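In: Quick one, fold the following:
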Amino acid sequence: MDKFSDISFVVGVTGHRDLAMDNEAALSKQIDTFLTELQAALGHFPITIACGMADGVDRLVAYRALKIGIAVQAVLPMPKRYYLSDFSTDSAKELESLLAHENVSLHEIPLPAEASSVAISEPGAARDSLYGRLGDWLFRHSNLMLGLWDGGLDRPEGGTADVLLSYLFEQPDHSGKLEFTTLNFVKDAPILSSANVVAWIEVGRQSTASPKIPALNYLAPASVDQTVVVRTEEMPKLLLQRLAGLKEHFEAFSQLKESDKTPPVYGLLDGLSGEPPAPLKPILTRIDTEFERADALAIRNQASSSLLFKSFGLLAATMGMLFLLYAKIAPFIGIIVAYLMLFAAAFAIFGQVGKKISFSRYLIHRVIAESMRVRFYMVMAGVDDQINLRRLVSLSGIENMSGFSWLHEILRIAQTPDKIGHAPTMETLALVKQAWIDDQFSYFQRMVKKLSKRTQMLGRLRGALLGINFLGLVSLIIFGNWLSSFVFSESLNLKSFLVFLLGLLPLWVGIWELYQNKVATRELLWQYRNQAEHFQRAAKKMEVDLPIEELQRIIADLAERSLFETFLWTIHRYHRESEPPATLFGSTGFAMFQGRFHSGELKKAKATLSK
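Out: Got it, this is the predicted structure:
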């Protein structure tokens with residue numbers, strides 16, 4: 001089985017049980033249209049339909065999904081033995097038959113600790129609240145909601161309108177929810193990049209006397225007003241961008257596996273010196289799998305981008321040398337031809353390859369990998385519900401960057417299915433400290449030393465170059481005539497050669513510094529120093545004898561700081577992404593014409609080219 005089978009794009013389904021089935025064929029056609037459009041947009045990225053398997057909408061959508069090969073996850077609001085009593089004998093048999101299907105998985109939402117088996121066995125408030133928890137599960141885990149809804153705004157807890165409006169307007173808690181008397185539908189209005197999207201098939205109900213012709217629309221909340229909803233017949237652009245990102249993510253990893261060039265990846269489970277708690281093993285394995293995927297893609301894209309940047313530097317240095325060679329030593333037309341060929345190659349290579357080797361791909365996969373790393377240890381420490389990751393993403397604004405709109409979707413896909421309720425021991429927290437806090441602190445310390453050394457070396461070289469150029473210029477002023485007397489050939493003497501070197505060395509050092517600027521060495525050093533400080537502070541605090549609750553608070557605080565630091569660095573780094581062709585022209589092309597003008601040889605070059 002493919003490793004991607006443990007993740008999928010989740011479509012939460014909600015709808016009325018008492019569907020008016022007088023137009024079932026048209027309704028099924030709209031469901032099929034939605035599912036096939038989604039499949040086409042996601043490519044081979046797995047899709048899962050998540051529904052409560054109630055009569056009516058849930059089962060109709062489940063059947064249509066299974067018919068075209070889409071997996072179904074039956075998310076029951078309570079253990080099956082209680083849930084079956086909601087249905088007639090025939091309906092219960094149908095449910096059991098569906099659950100036995102090979103492409104159907106079962107997830108029973110655990111009962112709350114305070115739930116009484118007697119109270120939930122009979123109709124009443126206790127049992128109704130469990131359906132509210134099903135709506136909450138769909139809210140937290142659905143990448144997209146499909147609602148077969150009559151448009152009514154009455155919203156009892158866990159009902160169709162309640163689930164859809166909660167998802168659309170991000171109101172997960174029943175307390176404080178807005179009660180709508182009307183919704184204003186518009187075709188075009190500003191939508192937040194982080195907005196949830198609902199696929200709505202308008203349907204009629206048996207309890208109403210107003211039949212409706214099923215029609216598929218997409219809803220997204222307008223950013224201007226909580227009563228304004230953008231309604232379109234086509235998938236909104238923001239949804240298409242998210243689907244395209246997930247599709248590319250899947251295809252990139254599939255290609256990496258098929259190429260047999262998957263880089264070695266350090267697994268999070270491999271880094272533990274002991275075994276994690278047994279109940280957490282499946283969840284941690286899932287997170288670790290996504291970490292390894294994202295880390296492998298990040299390493300591959302970083303290597304490709306680094307090669308592109310180095311190629312740019314080498315090409316620019318060669319072009320600069322050719323120009324100076326032509327200007328000061330050997331004014332042969334072949335050198336100009338070689339220069340122009342390199343110039344054309346620069347546009348061809350960086351214009352086409354640069355589109356495929358995008359540094360932003362490295363950045364987003366690195367963000368995903370680091371987010372998975374933090375979530376892994378949050379789960380182990382029992383603090384996974386203490387940080388609102390969606391809020392962090394929104395606060396940073398990282399989703400607004402081109403190519404990052406699907407970030408939250410992959411983070412939501414990899415999250416835990418339910419609140420775990422894991423109570424960590426001191427031994428587990430010590431494992432977290434050793435495998436994460438101490439390890440990361442050591443890593444950031446090493447990187448700070450390495451980058452600091454590189455920065456200092458560049459500074460010393462720049463200083464040495466300044467001294468060499470000063471001495472060279474003084475030599476030209478004092479001994480210019482004498483140097484000219486040393487003739488190597490008809491067009492070359494020692495003075496010309498010295499001028500050539502004095503121009504070439506600063507150019508090459510400048511290109512090296514430009515390369516360091518491209519790879520953002522200073523920004524990386526800044527991030528590593530900040531991260532090292534966060535982890536060092538947490539490590540020192542945890543060395544004191546503290547209760548488990550205080551240790552958990554330290555870990556949760558560190559997780560939030562570390563994640564936000566990663567988001568901020570990524571945003572800074574994203575905006576430093578360079579355009580090699582433009583930069584290449586600016587650094588050497590402009591230098592050529594500027595140098596020829598100042599050397600008084602521009603006319604000579606034109607005359608040579610005209611021949």
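In: Next up, the contacts around residue 201.
Out: By C-beta atoms under 8 Å, 6 or more residues apart in numbering, the contact set of residue 201 is 27, 30, 31, 34, 146, 147, 148, 149, 214, 215, 216, 217. Glycine gets a C-beta too; all of them are placed from N, C-alpha and C.
In: Also residue 559?
Out: Counting by C-beta under 8 Å, 6+ apart, the residues that residue 559 touches are 374, 377, 378, 383, 387.
In: Next, work out how far apart it and residue 385 are.
Out: Between residue 559 and residue 385 the distance is 12 Å, computed by C-beta to C-beta, to the nearest Å.
In: One more: residue 574?
Out: Here the criterion is C-beta to C-beta. By it, residue 574 lies 30 Å from residue 385.
In: The two: which has the busier surroundings?
Out: More crowded of residue 574 and residue 385, by other C-beta atoms under 10 Å: residue 574, with 17 against 13.
In: For that one, give its distance to residue 240.
Out: Distance of residue 574 to residue 240, given as C-beta to C-beta: 21 Å.
In: cool, and residue 401?
Out: From residue 401 across to residue 240, the span is 17 Å (C-beta to C-beta).
In: Now list the buried members of the contacts of residue 201.
Out: With burial judged by 16 or more other C-beta atoms under 10 Å, the buried subset of the contacts of residue 201 is 27, 30, 31, 34, 146, 147, 148, 149, 214, 216, 217.
In: quick revisit: so residue 401 and residue 240 - more neighbours on which side?
Out: Neighbour count, other C-beta under 10 Å: between residue 401 and residue 240, residue 401 has more, with 18 against 13.
In: Identify the residues contacting that one.
Out: 360, 571, 574.
In: so the last one sits right up against residue 363, yeah?
Out: Yep, that's residue 574 we're talking about. Yes. Contact criterion C-beta atoms under 8 Å: residue 574 and residue 363 qualify, at 5.8 Å.
In: Nearest the middle, which residue of this structure would you pick?
Out: With the centre of the chain defined as its mean C-alpha position, the nearest residue by C-alpha atoms, centre = their mean is residue 407, 3.5 Å away.
In: hey, where'd the helices end up in the stretch 1-150 of the chain?
Out: Along the stretch 1-150 of the chain, counting by DSSP state H, counting those that start in this stretch, helices occupy 24-42, 57-67, 80-83, 89-99, 117-121, 125-141.
In: whoops, I mixed them up, the stretch 301-450 of the chain
Out: Here the stretch 301-450 of the chain has its helices, by DSSP H, counting those that start in this stretch, at 333-356, 359-381, 389-396, 407-413, 426-432, 439-484.
In: again, but for the stretch 451-600 of the chain
Out: 494-518, 521-542, 548-574, 580-584, 590-598.
In: wouldn't residue 534 be in contact with residue 558 here?
Out: Yes. Under the criterion of C-beta under 8 Å, residue 534 makes contact with residue 558 at 6.0 Å.
In: More neighbours: which of those two?
Out: residue 558 (27 against 22).
In: which residues touch the more buried one?
Out: Going by C-beta under 8 Å, 6+ apart, the list of residues near residue 558 reads 437, 534, 535, 538.
In: and the first one, how many neighbours?
Out: Residues within reach of residue 437, counting by other C-beta under 10 Å, total 23.
In: Distance of it relative to residue 537?
Out: With C-beta to C-beta as the criterion, residue 437 and residue 537 are 10 Å apart.
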